[in-house]
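# Any chance you could fold what I've pasted below:
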Amino acid sequence: MLRDYLRSFWRMLRNNKFTSAINIGGLALGLAVFFALTFYVQREFSWDAQWEGAERIYTIMGQRESPNGNSPPAQIIVPYVLGTSLQNRNPEAFEVFARTLRTSGAIEVDGEQYSTHLLDYAEPTLLDLVQLETLEGSLQAVFENPRFIAISADAAAELFGNQSPLDHTLSINARQGGSADFTIKAVYRVPEPSVLNELELLALLDPGALPDPTKILDSWDMNASLLYVTNYFKLRPGFSASELESELRVFMDENNYMNPGIVRVRFTFMPLRDLHLLPSLFEPGDGDTAGLLHAFAAIGALVLLISGCNFVMLATLRSLDRVREVGIRKVMGAETGQLLRQYLLDVLLQTLMAALFACVLLEISLPWLQTKLGVPLALDLFSWRNLAQGVFVLLVFALLSGIYPAILMSRGKPVQLLRNSASSLVSTGNTLRRLLVGIQFAIVIALLLASAVLWLQIDYTRNRSRGYDMDNVMLVRTSGPEITQKMSTVLDEFNRVPGVAEAATGSASVSPGVIAIVTPVSATYTADDGQVVNGSMQSAGIGAGYFRVMAVPLLAGREFSTEIEGTVPEISAEQAAADVINIVLNLAATREMGFASPATALDRLIKVGSQQARIIGVVADTQFSSVLLPPQPQYYRYSQGSQLAIRLEPNADRTAVIADLQAIWTAIVGAVPFEPLSADMLEPNMLASEESKAQIITGSTILALIIALLGLYGLVEATVNKRTKEIGVRK
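Have a look, this model is predicted:
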């Protein structure tokens with residue numbers, strides 16, 4: 001019996017090559033979109049699920065809350081002392097507690113300089129919390145000696161190629177933490193997918209053995225230092241993260257910890273598995289990354305629904321050629337159940353063929369899509385989990401989409417099937433087919449509108465002014481106090497180089513491509529009528545001429561001047577609090593403090609943090625880190641920043657100028673590499689993520705439209721077949 005069914009199926013495909021190809025091809029496209037989006041969403045929700053007790057692993061997020069709502073995004077770097085306080089207050093709640101302190105710096109191996117890498121000082125308990133894969137050496141040995149280090153497999157391949165890195169000496173000139181030499185004792189890999197995949201170098205977190213003074217690790221003040229840690233912990237079964245979080249807030253409030261002025265710091269316990277779903281500064285949106293993933297899954301389901309509608313229509317209409325066969329088989333004694341099983345088997349076999357073609361399409365297209373979209377779409381289609389889910393979807397789809405045409409074919413009466421042939425079948429279910437076509441094109445139109453809106457938003461955001469101009473500008477990031485002390489000399493010499501229009505120093509937080517989370521400080525302004533305005537602003541250090549170099553428009557007043565502000569003296573905190581400093585506001589800060597216009601803010605005295613400040617100028621808002629975030633209220637103080645900004649003359653020989661600058665840098669600074677960064681290096685496509693999402697939706701929409709048009713073609717063909725006699729008579 002099964003052999004007869006298979007023979008009949010093969011004969012049906014052979015006699016209906018074109019329509020079968022359309023039906024199976026359309027279904028393959030729908031299944032490919034569905035599998036790609038569904039498995040991608042599933043992978044995104046599976047980050048950090050591979051650790052033992054993953055559902056009980058948390059990290060601590062810090063959020064500064066401003067009363068005016070201009071708080072920066074949450075961050076996972078918090079004071080070292082916070083972890084100590086938590087463990088002392090509730091030691092029985094934590095099964096494992098591990099802290100990492102991150103720094104970065106230039107790497108030197110066997111006398112050869114390499115680019116900047118991340119170094120994480122970690123507590124030994126990190127190995128109990130997450131199960132890193134050891135490829136060479138011993139991770140346990142690394143955490144027994146502060147001068148040992150472990151290196152990730154990717155970093156080992158970059159620094160050593162195919163050579164074993166064990167027992168080689170690695171030197172790092174850290175931006176924060178000083179310089180140190182380490183002996184490599186292990187190579188490891190972080191099981192994917194994980195937010196810990198940025199762990200490039202691991203060393204022992206021993207406060208007494210760090211290469212820089214560590215007294216700041218005992219401070220609660222997040223403004224006092226650049227050294228903070230990330231806290232990870234696993235709760236024991238039965239303990240509630242929300243209750244511990246509430247206790248922590250009470251403890252912080254009772255001791256008034258970390259409440260600088262009117263800005264309060266709050267901490268929350270974030271499940272490690274959810275950390276990947278938090279928006280970054282380049283993807284702020286509404287903060288609903290999980291909602292976006294659900295939208296992708298819904299799009300995949302909608303495309304599959306279109307394929308199902310298309311499949312039902314084409315499967316029904318393709319059966320027109322088998323009407324006489326069914327009639328003859330019924331006359332010969334075939335039972336309804338036999339015909340029903342045969343047509344359900346036909347549908348299942350077609351679905352399996354479409355699934356195989358879908359897998360081939362995915363295997364061919366995924367590498368290209370991953371490169372084109374910059375989205376990690378690599379999928380393990382044949383893992384047991386994905387395979388089981390795929391088979392289940394195929395069975396359900398075959399049953400739902402095949403039951404109607406199977407019943408329609410098997411329930412017909414022999415005389416009617418033999419006498420009326422195709423017309424009796426076509427006239428049956430016309431209403432349903434029209435409904436299915438309507439559903440198809442309604443979904444396609446909705447997807448087309450969504451795609452159009454997304455691209456219009458992206459185009460508007462891309463063309464909106466960011467408040468600065470990086471044409472002919474290079475930035476040089478600096479690190480270490482020894483370089484900072486020489487910065488004035490470097491700056492003077494750079495300004496003498498032919499082809500350099502102007503060079504200035506500025507804070508890294510006001511440069512393109514930097515994901516900077518700047519602490520807001522309280523600001524108070526007392527108007528002439530006695531009204532007090534409270535607000536908060538972010539702070540950045542700016543040298544003389546920095547705004548001119550970056551082409552930030554000056555709206556009122558003046559910039560900083562070396563002749564007026566002079567060299568920043570070394571003074572105590574008490575002296576700084578007593579003196580009146582000059583500051584420049586951005587436009588958002590003037591609105592924050594209630595000034596009617598930039599001009600009305602000039603020469604006004606406001607209190608920022610603990611300092612009295614006089615407003616000497618107002619500049620336009622800038623969007624360095626993301627064009628998606630609204631400009632934050634910001635004030636700029638006169639200070640020597642951590643980077644050099646160099647604007648070249650429009651017609652300057654860039655290669656020759658860089659060679660002159662490098663020679664000066666080497667003569668003054670020494671062995672630290674001179675690494676100028678241009679606009680294309682500093683300004684990544686800040687809308688790359690949004691463009692990728694829009695391309696995914698647009699591509700899915702185009703495929704859905706193609707599938708729907710295939711269904712429409714089937715209806716046209718059926719209509720023509722139904723009216724064949726009429727057309728012949730009329731001709």
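
# Output the longest strand belonging to this structure.
strand 94-109 (DSSP state E).

# Could you spell out the sheet neighbours of it, each with its direction?
Using DSSP bridges, the strands paired with strand 94-109 are strand 112-122 (antiparallel), strand 169-174 (antiparallel), strand 229-235 (antiparallel).

# Setting aside sequence neighbours, what's the nearest residue to Ile697?
Excluding the flanking residues, the one nearest Ile697 by CB to CB, 6 or more residues apart in numbering is Ser451, at 5.3 Å. (Glycine included, C-beta is placed from N, CA and C.)

# and Ile616, what does it touch?
Contact analysis of Ile616 by CB atoms under 8 Å, 6 or more residues apart in numbering lists 557-558, 560, 582-584, 602-603.

# switch the cut-off to 10 Å
556-561, 564-565, 581-585, 601-603, 638 (CB atoms under 10 Å, 6 or more residues apart in numbering).

# from the residues you listed, which ones fall inside strands?
556-557, 581-585, 638.

# ok, which stretches of the stretch 251-400 of the chain are helices?
272-275, 289-318, 323-331, 336-373, 384-410 (DSSP state H, counting those that start in this stretch).

# In terms of mean pLDDT, which of those ranks lowest?
Mean pLDDT is lowest for helix 323-331 among those, at a mean of 61.

# What count of nearby residues applies to Leu366?
Burial of Leu366 is recorded as 17 neighbouring residues (other CB atoms under 10 Å).

# Tell me if I'm right that it and Ala36 touch.
Yes: with contacts counted by CB atoms under 10 Å, Leu366 reaches Ala36, the gap being 7.4 Å.

# so what's Ser242 scoring on pLDDT?
84.

# any idea whether it is helix, strand or coil?
helix (DSSP: H, G, I helix; E, B strand; the rest coil).

# ok, now which ones touch the closest residue in space to it that isn't next to it in sequence?
Excluding the flanking residues, the one nearest Ser242 by CB to CB, 6+ apart is Phe269, at 7.6 Å. Contacts for Phe269 (CB under 10 Å, 6+ apart) come out as 58-61, 86, 231, 233, 235, 240-245, 248.

# So Glu123 sits against Gln87, correct?
No: the criterion here is CB under 10 Å, and Glu123 misses it with Gln87 at 11.1 Å.

# which neighbours do the two share?
97, 99.

# just checking, Val510 touches Phe547?
Yes: Val510 is within contact range of Phe547, at 9.4 Å (criterion: CB under 10 Å).

# Between the two, which contacts overlap?
468, 622, 636, 645.

# Specify which member of those residues is nearest to Leu119.
Ala645 (27.0 Å; CB to CB).

# Now do the helix or strand harbouring Ala157: which elements does it pack against?
For Ala157, the host element (DSSP states H and E) is helix 153-160. Contacts defined by 3 or more CB pairs under 10 Å, 6 or more residues apart in numbering; DSSP states H and E place helix 153-160 against strand 94-109, strand 112-122, strand 133-137, strand 148-152, strand 169-174, strand 179-189.

# that older thread, biggest separation within the ones in strands among the contacts of Ile616, which pair?
Ala556 and Ile581 (18.4 Å).

# buried set for stretch 39-57?
Buried residues in stretch 39-57, counted by 16 or more other CB atoms under 10 Å: 39-41, 43-45, 47-48, 51, 54, 56-57.

# what do you get for stretch 607-615?
607-609, 611, 613, 615.

# For the residues you listed, give me a markdown table that also has secondary structure, pLDDT and distance to Val521.
Formatted as a markdown table, those follow (DSSP: H, G, I helix; E, B strand; the rest coil; pLDDT from 0 to 100; distance: CB to CB, whole Å):
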| residue | secondary structure | pLDDT | distance to Val521 |
| --- | --- | --- | --- |
| Lys607 | strand | 88 | 10 |
| Val608 | strand | 86 | 6 |
| Gly609 | coil | 76 | 4 |
| Gln611 | strand | 83 | 9 |
| Ala613 | strand | 90 | 11 |
| Ile615 | strand | 91 | 15 |
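
# rewinding a little: can you get me a residue count around the residue nearest to Ile697?
19.

# same deal with Leu435?
Leu435: 12 neighbours (other CB under 10 Å).

# Now it. Its backbone dihedrals?
When read as degrees, to the nearest 10, the backbone of Leu435 gives phi -60, psi -40.

# Arg496 reaches Ile664, doesn't it?
Yes: the criterion here is CB under 10 Å, and Arg496 meets it with Ile664 at 8.8 Å.

# These two: who's more crowded?
Ile664 (17 against 10).

# and the gap between the residue lying closest to the more buried one once chain neighbours are set aside and Pro673?
Nearest residue to Ile664 in three dimensions, chain neighbours excluded: Glu493, at 4.7 Å (CB to CB, 6+ apart). Separation of Glu493 from Pro673 (CB to CB, to the nearest Å): 18 Å.

# still on that earlier bit, can I get the helices and strands packed on helix 153-160 in CSV with mean pLDDT and distance to Arg730?
Formatted as CSV, these follow (pLDDT from 0 to 100; distance: least, CB to CB, whole Å):
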stretch, mean pLDDT, distance to Arg730
strand 94-109, 85, 80
strand 112-122, 81, 78
strand 133-137, 92, 75
strand 148-152, 92, 76
strand 169-174, 80, 87
strand 179-189, 88, 74
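
# Export the ones you listed as JSON lines, with columns for distance to Gly711 and mean neighbour count.
Shown next, in JSON lines, are the helices and strands packed on helix 153-160 (distance: least, CB to CB, whole Å; neighbours: other CB atoms under 10 Å):
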{"stretch": "strand 94-109", "distance to Gly711": "54", "mean neighbour count": "21"}
{"stretch": "strand 112-122", "distance to Gly711": "52", "mean neighbour count": "18"}
{"stretch": "strand 133-137", "distance to Gly711": "49", "mean neighbour count": "15"}
{"stretch": "strand 148-152", "distance to Gly711": "50", "mean neighbour count": "26"}
{"stretch": "strand 169-174", "distance to Gly711": "61", "mean neighbour count": "21"}
{"stretch": "strand 179-189", "distance to Gly711": "48", "mean neighbour count": "19"}
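
# any idea of the pLDDT on Arg477?
On the pLDDT scale, Arg477 gets 75.

# Quick check: chain neighbours aside, which residue is closest to it?
That would be Gln643: by CB to CB, 6+ apart, it lies 5.0 Å from Arg477.

# In this structure the one you found contacts Val473, no?
No: assessed by CB under 10 Å, Gln643 is found out of contact with Val473, at 11.6 Å.

# list residues touching both of these two?
511, 677.

# Just say helix, strand or coil for Gly535.
strand.

# Pull the number of nearby residues for it.
With other CB under 10 Å as criterion, Gly535 counts 24.

# is it in a bridge, and if so with what?
Ala523.

# do you know how far it is from Ser522?
8 Å.

# what do you get for Leu709?
61 Å.

# and Gly711, what does it touch?
Gly711 neighbours (CB under 10 Å, 6+ apart): 22-23, 26, 306-307, 309-314, 317, 433, 436-437, 440-441.

# Name the helix or strand for it, please.
Using DSSP H and E, Gly711 falls in helix 688-722.

# and Ser610, what pLDDT?
76.

# was I right about it contacting Ile581?
No: here Ser610 does not reach Ile581: they are 11.1 Å apart, not a contact under CB under 10 Å.

# how deep is the residue nearest to Gly499 when sequence neighbours are not counted tucked in, by neighbour count?
Once flanking residues are discounted, Gly499 sits nearest to Ala652: 3.4 Å by CB to CB, 6+ apart. If you count neighbours by other CB under 10 Å, Ala652 ends up with 17.

# shouldn't Ala652 be in contact with Val497?
Yes: contact criterion CB under 10 Å: Ala652 and Val497 qualify, at 9.4 Å.
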